[in-house]
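K.L.:
Dropping the sequence and predicted coords here.
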Amino acid sequence: MDTNLTGKVALVTGGSRGIGRAIALGFARAGAQIVIASRKQAGVDAVAAEIRDLGGTALGIAAHVGEESAITSLVEKALAACGHIDVLVHNAATTPHFGPLLDATAAQWDKIMQVNLRGVFLLCQQVVPGMRQRGGGSIINIASIEGLRPSKVLGVYSVSKAALILLTQALAQELGPSGIRVNALAPGLIRTDFSAALWHSPELADAVAARTPLKRLGEPEDVVGAALFLASSASAYVNGAVITVDGGLTAGGPLG
């Protein structure tokens, strides 16, 4: 199974922390040239420096993927520096509302959909033409098990991730004939800053771990292997898939 990414260029959004950072470092170790995007320049520069310390090549670009002009600028800078994009990882996400779905404000709903869904759509619009010209590529959408079985406190986020999964499947059908594979990863509860509100509660974290067959929460590095599989030729016949990375949690009952 060949998971070597030498000669490939990978753009990873939300790449300054957590799952995105882990994927960027993992892809760099596999030989890819990495473009890291996140909102703050200091954050992407720090990860780019880590990759260069490993002997890799990386560029950090500050970009808000909820804004169309920022997406255009991101892609233009990435192409100017690297020439092409072979792998696109949509990891950037937000969830400003924690609680019952109908308690969310319209502004919170719009922000979640803007970043978690609309940003993915817009970035694909700008990156796919180049992939078509090169005869293929891999798009990896970081969804969530919340998009498969919504919990009671992340309803809006769950809806956005469910829509992202459907977007993944729709694009897989449309882009497959061009050699572009589109797949999704659905992580469970991973110990990142993004999910800190969940796992910082010992009671909640222990409860999730107890219901997980592997009896622990996930770490960002646990997602890297699946992402590397989808990015590489090892998954050459995998398209439109949703791979859970949750220690077996969704193999059981409701998430809660």
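P.N.:
Structure's in. What do you need?
K.L.:
show me where the stretch 101-250 of the chain has strands.
P.N.:
Assigned by DSSP state E, counting those that start in this stretch, the stretch 101-250 of the chain shows strands spanning 137-142, 180-187, 242-245.
K.L.:
contacts for the helix or strand harbouring Glu76?
P.N.:
Using DSSP states H and E, Glu76 sits in helix 68-82. Under the contact criterion C-beta atoms under 8 Å, 6 or more residues apart in numbering, helix 68-82 has outside partners 9, 11, 33, 35, 37, 59, 61, 63-65, 85, 119, 122-123, 126-127, 130. (Glycine included, C-beta is placed from N, CA and C.)
K.L.:
and Glu67, how many neighbours?
P.N.:
16 (other C-beta atoms under 10 Å).
K.L.:
That should have said Asp206, apologies.
P.N.:
Counted with other C-beta under 10 Å, Asp206 comes out at 12.
K.L.:
pLDDT below threshold where in the chain?
P.N.:
1, 194-200, 253-256 (pLDDT under 70).
K.L.:
If we use 90, what do you get?
P.N.:
For the chain, applying pLDDT under 90 flags the ranges 1-2, 98, 151-153, 191-209, 211, 251-256.
K.L.:
longest helix anywhere in it?
P.N.:
As assigned by DSSP state H, the longest helix anywhere in the chain is helix 155-175.
K.L.:
Distance-wise, check the residue of the chain positioned farthest from its centre relative to Asp193.
P.N.:
What lies farthest from the middle of the chain is Glu203; by C-alpha atoms, centre = their mean that is 27.4 Å. Distance of Glu203 to Asp193, computed by C-beta to C-beta, to the nearest Å: 20 Å.
K.L.:
And for Thr168?
P.N.:
The value you get for Thr168 to Asp193, if C-beta to C-beta is used, is 25 Å.
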